[in-house]
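>>> from the sequence below, what's the structure:
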Amino acid sequence: MWKKYRVSAALLLVCLLTGCAGETAEREEIQEEEESGIEIGMTFDSFIIERWQRDRDVFVSAAQELGADVNVQNANGDLEEQISQIEYFIQKGVDAIVVVAIDSNGLSDAVADAHRAGIPVVAYDRLICDADVDLYISFDNEEVGRLMGEHMKEHLSEGGNILQVCGPLADNNVPLVMGGFAEALENSDITIAGTEHADGWLAETGFAVTDAYLSTGEVPDGIMCGNDSIAGQAIRALSEQRLAGSVCVVGQDADLDACQRIVEGTQCMTVYKPVEKLARRAAELAVGLARGDVITATETMNDGSYDVPYERLDPVAVTKENMDEVITGKYHEESDIYLNVRDR
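Numbering: from 1, shown residues only. Got it, this is the predicted structure:
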């Protein structure tokens with residue numbers, strides 16, 4: 001009886017030990033699988049601009065579909081904070097870093113640190129200068145400006161004075177947009193009466209600049225705005241003087257409230273940049289870089305020191321006439337766009 005008990009106890013002990021060993025091996029296997037997964041660090045300028053939230057959501061979703069996790073950080077417009085976030089990603093040992101730059105000229109050292117750690121860096125939508133990033137993906141920003149200028153020229157066929165309320169020059173896209181806009185206005189009778197820049201993309205700059213100009217007793221024929229948030233504030237200043245709808249205001253990003261203003265008649269046009277396409281494509285390329293793939297781009301963009309691989313997407317001009325064709329049901333819902341329009 002005693003022998004049988006000892007044998008049974010021994011068998012039980014073996015089973016327990018075997019089970020523990022099996023569980024340990026299983027845990028180690030799971031841990032190894034988790035450690036072998038791809039992690040991408042993504043740092044945003046801020047989420048003040050409406051579209052960045054959409055970029056974030058689409059990028060994260062697309063990356064997850066490809067088997068990668070995304071660690072999203074928000075720098076809240078603080079360059080030093082963004083540098084700190086990149087250094088955090090480096091210390092964490094992520095497989096790739098994606099940056100929506102606050103200051104195109106302030107991140108070259110941080111990118112160099114990432115490269116020394118063997119981590120590829122993607123400049124998302126805004127180029128990082130003198131940094132030799134592994135990929136720059138954005139829209140054709142000169143074309144964004146040209147589309148604005150062409151619409152303005154068509155709308156103001158007899159010429160006139162216009163204001164420019166652009167984004168900050170720290171954003172490399174801003175001079176490109178301005179250059180495309182100026183190119184479109186060549187050989188026209190349109191005069192740029194003044195140019196201001198919204199530091200940190202502060203939308204209220206649109207109100208301040210427009211209000212100051214109106215206080216002189218002059219009324220601009222048009223206002224070129226760096227984005228739709230600035231345009232909305234410029235139109236607010238016009239509304240206070242009962243001038244909304246009589247001045248041609250253009251912007252970019254196809255924000256919902258801008259689309260509403262266009263169908264209502266207070267904003268002339270916006271430039272739609274299909275961010276879903278941009279974010280999804282960027283996720284695909286970032287995951288590829290994280291896996292060690294070689295990215296072959298058909299174009300390059302000079303960052304001031306290096307020619308970096310450049311993937312370019314095309315923007316689209318949106319007016320009241322083509323709103324349904326381009327935006328409705330694809331970027332914003334019809335009920336939202338026409339919320340304030342009764343006769344529809």
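>>> so how far is residue 234 from the residue lying closest to residue 336 once chain neighbours are set aside?
In space, residue 336 comes closest to residue 256 once its chain neighbours are excluded; the distance is 5.9 Å by Cβ to Cβ, 6 or more residues apart in numbering. For glycine as for every other residue, the C-beta is placed from the backbone atoms N, C-alpha and C. In this view, residue 256 and residue 234 are 17 Å apart by Cβ to Cβ, to the nearest Å.
>>> ok, back up a step: neighbours of the residue nearest to residue 336, how many?
Counted with other Cβ atoms under 10 Å, the neighbours of residue 256 add up to 17.
>>> ok, now how distant is it from residue 340?
Using Cβ to Cβ, residue 256 is found at 12 Å from residue 340.
>>> report the buried residues of stretch 208-216.
208, 209, 210, 211, 213, 214 (16 or more other Cβ atoms under 10 Å).
>>> other residues contacting it?
If you take Cβ atoms under 8 Å, 6 or more residues apart in numbering as the criterion, stretch 208-216 is touched by 163, 165, 193-194, 196, 220, 223, 233-234, 237-238, 240-241, 243.
>>> for residue 206, helix, strand, or coil?
On the three-state scheme (DSSP: H, G, I helix; E, B strand; the rest coil), residue 206 is labelled helix.
>>> retrieve the pLDDT associated with it.
Note on residue 206: pLDDT of 98.
>>> any idea how far it lies from residue 280?
31 Å.
>>> over to residue 222?
34 Å.
>>> more crowded one of those two?
Under the neighbour definition other Cβ under 10 Å, residue 222 and residue 280 were set side by side, and residue 222 has more, 23 against 18.
>>> any weak-confidence spans in this structure?
Low-confidence segments of the chain, defined by pLDDT under 70: 1-36, 343-344.
>>> contacts for stretch 257-272?
144, 147-148, 151-152, 155, 222, 228, 231-232, 235, 238-239, 244-245, 248-255, 315-320, 323, 326-327, 331-332, 336-341.
>>> equivalent analysis for stretch 292-310, please.
Identification of contacts with stretch 292-310 by Cβ under 8 Å, 6+ apart yields 123, 127-138, 285, 288-289, 311-312.
>>> list only buried entries from the residues you listed.
Burial by neighbour count, 16+ other Cβ under 10 Å: within those this picks out 123, 127-129, 131, 133-138, 285, 288-289, 311.
>>> right, and the pair among those residues with maximum separation?
Pairwise distances among those were taken by Cβ to Cβ; the largest, 24.0 Å, belongs to 129 and 288.
>>> surely residue 183 and residue 149 touch.
Yes - contact criterion Cβ atoms under 8 Å: residue 183 and residue 149 qualify, at 7.0 Å.
>>> can you map out the helices along the stretch 1-150 of the chain?
Per DSSP state H, counting those that start in this stretch, the stretch 1-150 of the chain carries helices over the ranges 2-35, 50-65, 79-92, 108-116, 141-155.
>>> quick check, central residue of the protein?
residue 52 (4.9 Å; Cα atoms, centre = their mean).
>>> which residue is the nearest non-sequential neighbour of that residue?
Nearest non-adjacent residue to residue 52, counting by Cβ to Cβ, 6+ apart: residue 44, 5.6 Å away.
>>> touching, that neighbour and residue 57? I think so.
No - in this structure residue 44 lies outside contact range of residue 57 using Cβ under 8 Å: 11.8 Å.
>>> these two - which one has more neighbours?
Just comparing residue 44 and residue 57: by other Cβ under 10 Å the higher neighbour count belongs to residue 44, 25 against 14.
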